[in-house]
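Engineer: Give me a 3D structure for the following:
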Amino acid sequence: MNESKEEFRTKRKFVLFWLVFFLILIGINQYFKPDLFKKEQSPLANPYLLALVGICCLGVSGLLAWKVSGWYQSYEKKEYQDSKVQDQRYSGRIELINNIVHYTSEGYGSWEIPLSEIRVIGEHTNQEGPWRDDYFFVYVINLDGWYRSSFYAEGRDEFLDELSKKVGYTIELELLNSADYLSNVLWPAELKGKPLFNFYKKRDSSFWGKWLRTKSLYQELDKTVIEYFKSGFTR
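Structural biologist: Numbering: from 1, shown residues only. Model prediction:
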């Protein structure tokens, strides 16, 4: 990463300051101690020389630390930018075009659904953040299946605006501060605010699951949503 002119001037001032400071120290020591650099004198016996060497080492260490810090900051910034790009690809992109919901993601799959086939739209969160996406939108087609998209997908705000226009009211998210297993129906209006999923734990049936007595988390459509489908809803 190229340095800015201001950063270069600052570093140049720093180097010049230390050079002038060293020269002043040498002049002062030579004035008060003319035999400072005599060959027959042991350096260890001269506290002035030791102090000067110590200050020089400190200055060099400071310059090296500054340079290494600059390298690390450049590396850290590049890593952050790369991770943001990777996270965005993983979370994907969502759009509503010609009444079709388009979702593309390297992490959660890509799909297209006509808005007319979506019966329930909801949101749900989990405990997998902050290292993984922990907030999703859910699009229920029928009792046997649904699709989901990451809350962190690119184009989310524009998508929600378009969706609000289509459903006839503003989609209001209720789980923005959630970091637990929670869910909420966003649409249709008669189910708004109801839980979308029922989360429960069940002991694993595998050999190791039985031996270790471990439990896995499962989710199923909430009974309110199931009753909505069975009631023969009309849109």
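Engineer: Would you mind identifying the next helix or strand past the worst-scoring helix or strand of the chain on mean pLDDT?
Structural biologist: In the chain, no helix or strand scores lower on mean pLDDT, DSSP states H and E than helix 47-91, which sits at a mean of 61. Later in the chain than helix 47-91, the nearest helix or strand by DSSP states H and E is strand 93-97.
Engineer: State whether residue 195 and residue 222 are indeed in contact, as I suppose.
Structural biologist: Yes: taking contacts as C-beta atoms under 8 Å, residue 195 lies within contact range of residue 222: 4.6 Å. (C-beta placed from N, C-alpha, C; glycine too.)
Engineer: Need the residues touching each of the two.
Structural biologist: Taking C-beta atoms under 8 Å, 6 or more residues apart in numbering as the criterion, residue 195 and residue 222 both touch residue 183.
Engineer: which residues in the chain form strands?
Structural biologist: Along the chain, counting by DSSP state E, strands occupy 93-97, 100-104, 111-114, 120-125, 135-142, 145-150, 182-187, 197-203, 215-221.
Engineer: what angle sits between the first one and strand 135-142?
Structural biologist: Meaning strand 93-97. Following axes from the mean of the first three to the mean of the last three C-alpha atoms, to 10 degrees, one obtains 50 degrees for the angle between strand 93-97 and strand 135-142.
Engineer: Strand 93-97 relative to strand 100-104, how many degrees between them?
Structural biologist: 160 degrees.
Engineer: What is strand 93-97 packed up against?
Structural biologist: Strand 93-97 sits against strand 100-104, helix 156-167, with contacts defined as 3 or more C-beta pairs under 8 Å, 6 or more residues apart in numbering; DSSP states H and E.
Engineer: now the fourth one
Structural biologist: The helices and strands touching strand 120-125, judged by 3+ C-beta pairs under 8 Å, 6+ apart, are strand 135-142, strand 182-187.
Engineer: ditto for the longest one
Structural biologist: Contact here means 3+ C-beta pairs under 8 Å, 6+ apart; on that basis strand 135-142 packs against strand 120-125, strand 145-150.
Engineer: Quick one: closest of those to residue 172.
Structural biologist: Checking the helices and strands packed on strand 135-142 against residue 172 by C-beta to C-beta gives strand 120-125 as the closest, at 10.2 Å.
Engineer: Could you pull up the mean pLDDT of stretch 196-208?
Structural biologist: Taken as a whole, stretch 196-208 has an average pLDDT of 82.
Engineer: in that stretch, what counts as buried?
Structural biologist: Across stretch 196-208, burial judged by 16 or more other C-beta atoms under 10 Å covers 196, 197, 199.
Engineer: quick one: residue 119 and residue 138 touch, right?
Structural biologist: No: assessed by C-beta under 8 Å, residue 119 is found out of contact with residue 138, at 11.2 Å.
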